[in-house]
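> Pasting the sequence and the predicted model now:
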Amino acid sequence: MQPSPTHGVAKTTSGARPTCLLVASGKGGVGTSSVAALAALSAAERGERVLLVDASESSGTLHHLFGVRPTNSLWMLADSRVHPETVLVDAGDNLTLVAGGTSGDNGNAELPRSDHERRTALTRLAHLYAQYSLIVFDGGSRLDTVAALCELVDPAVLLVTSADRLALAANYALVKSVYARRPNAIVSVLSNRHGEAVADEACEYLVGACTHFLKREIDIAGALPDDPCLQAAIGAGMSVRDAFHGSPAAEAIRAVMSRFIPSWPAAPGGAPAALNSNSSFSSPSRRWS
């Protein structure tokens with residue numbers, strides 16, 4: 001199932017309709033921040049004007065990955081005195097970042113204390129979406145954050161998983177929750193930091209469970225390989241933008257993003273490049289029959 005033109009589209013007051021992608025997971029620690037950063041960079045290098053939003057309600061990670069120091073964070077927009085423009089941080093060519101968590105220099109950054117504050121901040125940020133062609137959200141693994149984004153933005157959802165059973169079970173629960181709130185949601189799954197065989201098995205397991213028990217189809221977006229060089233470069237203090245070029249993960253995320261950006265080149269035969277990763281998957285129903 002391909003993302004349709006009516007999915008992954010932001011609702012803005014100006015009538016502009018940028019593509020929206022929510023990167024999320026049912027389990028923390030599987031790499032939603034790194035996947036969101038790589039996705040945003042791959043789109044920016046192709047000429048898309050990208051807004052990357054860290055919707056984390058923990059400490060916030062993305063500004064560290066890009067080596068920038070924000071003044072205000074997303075959740076400060078719950079305060080009507082904070083102007084939405086002040087949360088924007090230039091992260092390089094074609095890419096703007098909104099920091100999450102308690103990021104910020106002014107000492108007033110706070111996490112949302114209620115769902116009302118969470119939704120107020122996200123609604124006020126939406127006034128800026130018309131300036132961009134792609135909005136990428138790092139939704140992390142908090143259900144209330146993911147739920148609010150799904151209901152307010154109607155994004156395409158890129159579910160990040162690892163191969164361990166706890167992550168697969170947590171992601172199954174998240175898929176169930178997303179569909180309960182938005183039955184027409186478009187959900188794809190991405191395996192992160194695994195080789196091809198392990199990634200195939202993990203994605204097949206999750207797709208099969210959703211098909212058999214939820215009667216819902218989710219797509220397989222592909223897999224990002226374990227990339228020790230990229231991780232070592234970031235760990236040594238290099239920004240993710242500088243470490244991005246030439247890395248195996250960068251090549252893989254470009255194929256994944258071809259699913260969500262209609263103007264990107266398709267693979268031979270007319271299918272987006274990332275869809276080729278499905279060729280090794282057998283029918284998901286066999287595991288659950």
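Looks like it arrived, so ask away.

> and the spatially closest residue to Ile218 that is not a sequence neighbour, what are its bridge partners?
Excluding the flanking residues, the one nearest Ile218 by C-beta to C-beta, 6 or more residues apart in numbering is Val187, at 4.5 Å. All C-beta spots, glycine's among them, are computed from the backbone N, C-alpha and C. Taking DSSP bridges as the rule, Val187 bridges to Val157.

> Just confirm Val187 contacts Tyr172, I think it does.
No: with contact defined as C-beta atoms under 8 Å, Val187 does not reach Tyr172; the gap is 11.2 Å.

> which of those two has more neighbours?
Val187 (25 against 20; other C-beta atoms under 10 Å).

> What is the lowest-mean-pLDDT helix or strand in the chain packed up against?
Least confident helix or strand, the chain: helix 228-235 with a mean of 90, by mean pLDDT, DSSP states H and E. In this structure, helix 228-235 packs against helix 240-244, helix 248-257, with contacts taken as 3 or more C-beta pairs under 8 Å, 6 or more residues apart in numbering; DSSP states H and E.

> Quick one: closest of those to His194.
Checking the helices and strands packed on helix 228-235 against His194 by C-beta to C-beta gives helix 248-257 as the closest, at 11.3 Å.

> List the buried residues in that closest one.
Ala249, Ala250, Ala252, Ile253, Arg254, Ala255, Val256, Met257 (16 or more other C-beta atoms under 10 Å).

> quick one: it to helix 228-235, angle?
Angle between the axes of helix 248-257 and helix 228-235 is 100 degrees (criterion: axes from the mean of the first three to the mean of the last three C-alpha atoms, to 10 degrees).

> can you give me how far helix 248-257 is from the chain middle?
How far helix 248-257 lies from its chain's middle: 14 Å, per C-alpha atoms, centre = their mean, to the nearest Å.

> One more: stretch 233-252?
18 Å.

> same question, stretch 217-231
12 Å.

> Any buried residues in it, and which?
Those would be Ile218, Asp219, Ile220, Ala221, Gly222, Ala223, Leu224, Pro225, Asp227, Leu230, Gln231, for stretch 217-231 by 16+ other C-beta under 10 Å.

> Repeat that for stretch 87-98.
In stretch 87-98, counting by 16+ other C-beta under 10 Å, buried: Val87, Leu88, Val89, Ala91, Gly92, Asn94, Leu95, Thr96, Leu97, Val98.
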